[in-house]
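**Q** One predicted model, sequence on top.
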Amino acid sequence: MRIGILQCGQSPAALKDDLGDYPDMFTRLLAGRGFEFQVWHVEAMQFPDDIHAAEGWLLTGSRHGAYEDHPFIAPLEDFVRRAFAAGVPLVGICFGHQIIAQALGGKVIKHPDGWAIGAQDYDFAGETVTLNAWHQDQVVAIPREARVVASNAFCENAALVYGDRAFTVQAHPEFDDAFLQGLMETRGKGVVPQDRLDRAAGRMGEAGGSAAIADRIDAFFRQAQQNARGAA
């Protein structure tokens, strides 16, 4: 199955050589599952010519807010709406989670409770999955097609499913502890409150749920592909 990665942001320059860019992280997360990947750097206005250029789409994180005025936001929302309408499956992570919700009628804000950093515990229908997070924006109103499949006390809409058309997660299953530590040092100091950084440092090593989310992404893409073939 060919997955198009829509790159919505970039790893800090100081980390990129050793730890990779966002598409590299997703390639590692989903390795060994038979996927082929192609990257379009949409943040740099590199968009696919067609929503069917891949069999599924994965939207990455970004340091930008979905509600901000950047050149790539409107065309990305348009792409999401067209792919969703055509039944081409979408997976969104962090910013990807937010921009898909916003494009389909939800609401994203800079949350008044501030940052979620480091290992966070999420309730996936009774199963606790611990993932690294890095965000202050949240989806606070979900589209009518969406249903919540994970939450915690800080982030009510932590993962959403839109039938067989989209699966989105607020946290970062692709972020390992080395990258999280690098973010804390390059983007956290002086920006994220120190108590949040200290709490993240204290839980370093606890985010063991990445494989569980990789399994969910894999299953979502496979089921969507199977449904599309059955409808053909």
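**A** Everything's here; your move.
**Q** Which residues does the longest helix along the chain contact?
**A** Scanning the chain for the helix with the most residues, using DSSP state H, yields helix 210-231. Residues outside helix 210-231 that contact it (Cβ atoms under 8 Å, 6 or more residues apart in numbering): 1, 3, 29-30, 33, 35, 55-56, 58, 87, 89, 91, 124, 127, 129, 131, 161, 164-165, 167, 169, 171, 173-174, 176. No exception for glycine: its C-beta is placed from N, CA and C like everyone else's.
**Q** now that helix: how far from the chain's centre is it?
**A** Chain-centre distance of helix 210-231: 16 Å, with Cα atoms, centre = their mean, to the nearest Å.
**Q** So for it, what gets flagged as buried?
**A** The neighbour-count check on helix 210-231 (16 or more other Cβ atoms under 10 Å) flags 210, 213-214, 216-218, 220-222, 224, 228 as buried.
**Q** how about those residues in a markdown table, adding distance to residue 135 and pLDDT?
**A** Output for the buried residues of helix 210-231, formatted as a markdown table (distance: Cβ to Cβ, whole Å; pLDDT from 0 to 100):
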| residue | distance to residue 135 | pLDDT |
| --- | --- | --- |
| 210 | 16 | 98 |
| 213 | 15 | 98 |
| 214 | 20 | 98 |
| 216 | 19 | 97 |
| 217 | 19 | 98 |
| 218 | 24 | 98 |
| 220 | 21 | 97 |
| 221 | 24 | 97 |
| 222 | 28 | 94 |
| 224 | 26 | 90 |
| 228 | 31 | 78 |
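**Q** Any idea what the residue nearest in space to the middle of the chain is bridged to?
**A** Centroid-nearest residue in the chain, with Cα atoms, centre = their mean: residue 93, separated by 0.4 Å. According to DSSP bridges, the residues that bridge with residue 93 are residue 169.
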